[in-house]
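Undergrad: Next come a sequence and a model predicted from it.
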Amino acid sequence: MFTRADQIATADASAPHVVLLGAGASIAAAPIDANGKHLPSMPELASIEPVSTLLADAGFGGGPPDFEAAYSKLRMSGEHDDVADQIDAEVRAYFADVALPRDVTIYDHLLLALRPKDLVATFNWDPLLSQAADRLRAAGISALPQVVYLHGNVELAACEAHDRRGKPSERCPDCGSDLQPVPLLYPVEEKDYEQNKFIADAWSALQSALGNAARVTVFGYSAPVSDRAAIELLREAWGTWEEREFEQFELIVRPGADHEKMRDRWDSFIHSHHYDVVDDYFDSMLARAPRRTVEVFIAQNLHAKFADENPVPRDRAFDETIAFYRELIAHEV
Ligand SMILES: [Zn+2]
């Protein structure tokens, strides 16, 4: 038996829990942002003005909205680079404006549910996760997971010459010049994750964490077929399912999504029954065994113990929510 008290007191695992976030995670965290803005899914980006008009004027509009496909065709045509650049600027402006709701979000919970040994890798351009980390740090929580941005992010800027990173409003401590925004990486079919140092570093951190991971959670990311480069990099780091006999794969999918179909997309990563599919973050292990997901996994799967759950509180005020996690943090050294 691995009781709730055992779970709180035991924080000795070193293997990381890796969480991969797609657009669905930001939509679950803040379907409507603090300013009443509706967060789009990746395909829906094509219907936002003026992106929609720009695509239509270049002859790439019409049909069902599919930003990924339309942008990819536009960029690859080689004849509309000016329009593609304008779309880049509009998309950046759209996401730069997004603001985290005041109430506790799933992103606050997600960051609080993980430890510094763990890693969150996000494909999202919006600033919600970064804003959640900022407010947790401001509240005195420093034991947060590492976060990397696989496609860049509107909150990120860098001085390449001095390898300094920060926010777009900050200056390089070495040369004093304004940090330059990190480019947003677009969903084109032939993607080069090595061309920008910042993005290459993010992928290499993810690959190294995946190599040692005991648990992987994929949240709101449907592994688009057009993103072959991403899937290839993930597969390389994870290996085949035959090599990952003892690890657990978890998918958090859109409510109402076909669980079998989503599982099949990750078939080559999943060892027989070592997976779960849930459509609510609060049903995931992150919310049922926060900060101890790997300890619980080891107790259950390697020591064949029955483990109690330690469900996180929902719909509580910010301070009360943090107090719950502080009890766990107090046992981590
Ligand atoms: Zn500099």
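TA: Perfect, thanks for sending it. Numbers count the residues shown, from 1 in each chain.
Undergrad: C-alpha from now on. contacts and neighbour counts both.
TA: Noted.
Undergrad: Near the ion, which residues of the protein are found?
TA: Applying Cα under 5 Å from the ion, we find that the chain lies next to the ion at 159, 162, 172, 174, 175.
Undergrad: So which of these sit within strands?
TA: With strands defined by DSSP state E, the entries of the residues of the chain next to the ion inside them are residue 159.
Undergrad: Of the residues of the chain next to the ion, grab the buried ones for ChimeraX.
TA: Entered in ChimeraX, the line below selects the buried ones among the residues of the chain next to the ion, by 16 or more other Cα atoms under 10 Å:
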select :159,172
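Undergrad: quick one, phi/psi of residue 250?
TA: phi -130, psi 140 (degrees, to the nearest 10).
Undergrad: Would it be right to say that residue 193 lies in a helix?
TA: No: under DSSP: H, G, I helix; E, B strand; the rest coil, residue 193 sits outside any helix and is assigned coil.
Undergrad: which non-adjacent residue is nearest it?
TA: Sequence neighbours aside, residue 200 is the residue nearest to residue 193 in space, at 5.7 Å (criterion: Cα to Cα, 6 or more residues apart in numbering).
Undergrad: again with residue 80
TA: Using Cα to Cα, 6+ apart and skipping the chain neighbours, the partner closest in space to residue 80 is residue 74 (6.3 Å).
Undergrad: tell me which element the residue nearest to residue 193 falls in.
TA: Per DSSP states H and E, residue 200 falls inside helix 197-212.
Undergrad: With only the CA atoms kept, save whatever helix or strand comes next after that helix in PDB.
TA: Counting by DSSP H and E, the element after helix 197-212 in chain order, helix or strand, is strand 215-219. The C-alpha trace of strand 215-219 is given here as PDB (Å, rounded to 0.1, in the frame of the first residue of the first chain):
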ATOM      1  CA  ARG A 215       6.100   9.200 -17.800                       C
ATOM      2  CA  VAL A 216       5.000  11.200 -20.800                       C
ATOM      3  CA  THR A 217       1.700  13.200 -21.000                       C
ATOM      4  CA  VAL A 218       0.600  14.700 -24.300                       C
ATOM      5  CA  PHE A 219      -2.000  17.400 -23.700                       C
END
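Undergrad: Summarise which helices and strands strand 215-219 is packed against.
TA: strand 17-21, strand 248-252 (3 or more Cα pairs under 8 Å, 6 or more residues apart in numbering; DSSP states H and E).
Undergrad: and with 10 Å instead?
TA: Judged by 3 or more Cα pairs under 10 Å, 6 or more residues apart in numbering; DSSP states H and E, the packing partners of strand 215-219 are strand 17-21, helix 23-29, strand 119-122, strand 248-252, strand 275-278, helix 285-288, helix 293-301.
Undergrad: Flag every buried residue along stretch 73-90.
TA: Residues of stretch 73-90 classed as buried: 74, 75, 83, 84, 87, 88, 90 (neighbour count, 16+ other Cα under 10 Å).
Undergrad: Mind picking the one among those residues that's closest to residue 37?
TA: residue 90 (15.2 Å; Cα to Cα).
Undergrad: Check whether that closest one really touches residue 46, as I assumed.
TA: No: under the criterion of Cα atoms under 10 Å, residue 90 is not in contact with residue 46, lying 11.4 Å apart.
Undergrad: tell me, what's touching these two both at once?
TA: Listed as contacting both residue 90 and residue 46 by Cα atoms under 10 Å, 6 or more residues apart in numbering are residue 54.
Undergrad: quick one: low-confidence parts of the chain?
TA: Filtered on pLDDT under 70, the chain yields the residue ranges 187-191, 224-226, 241, 245-246.
Undergrad: Report how many residues lie close to residue 178.
TA: Per other Cα atoms under 10 Å, the neighbour tally for residue 178 reads 16.
Undergrad: which non-adjacent residue is nearest it?
TA: Distances taken as Cα to Cα, 6+ apart place residue 171 nearest to residue 178, at 4.4 Å, with adjacent residues excluded.
Undergrad: Residue 177 now?
TA: Among residues not flanking residue 177 along the chain, residue 171 sits closest, at 5.4 Å (Cα to Cα, 6+ apart).
Undergrad: and what of residue 183?
TA: residue 152 (6.1 Å).
Undergrad: Show the contacting residues for the one you found.
TA: Neighbour list for residue 152: 122-126, 181-186, 196, 198-199, 202 [criterion: Cα under 10 Å, 6+ apart].
Undergrad: same check, this time on residue 283
TA: 252, 277, 311.
Undergrad: what about burial for those residues, which qualify?
TA: By 16+ other Cα under 10 Å, these give 252, 277, 311 as buried.
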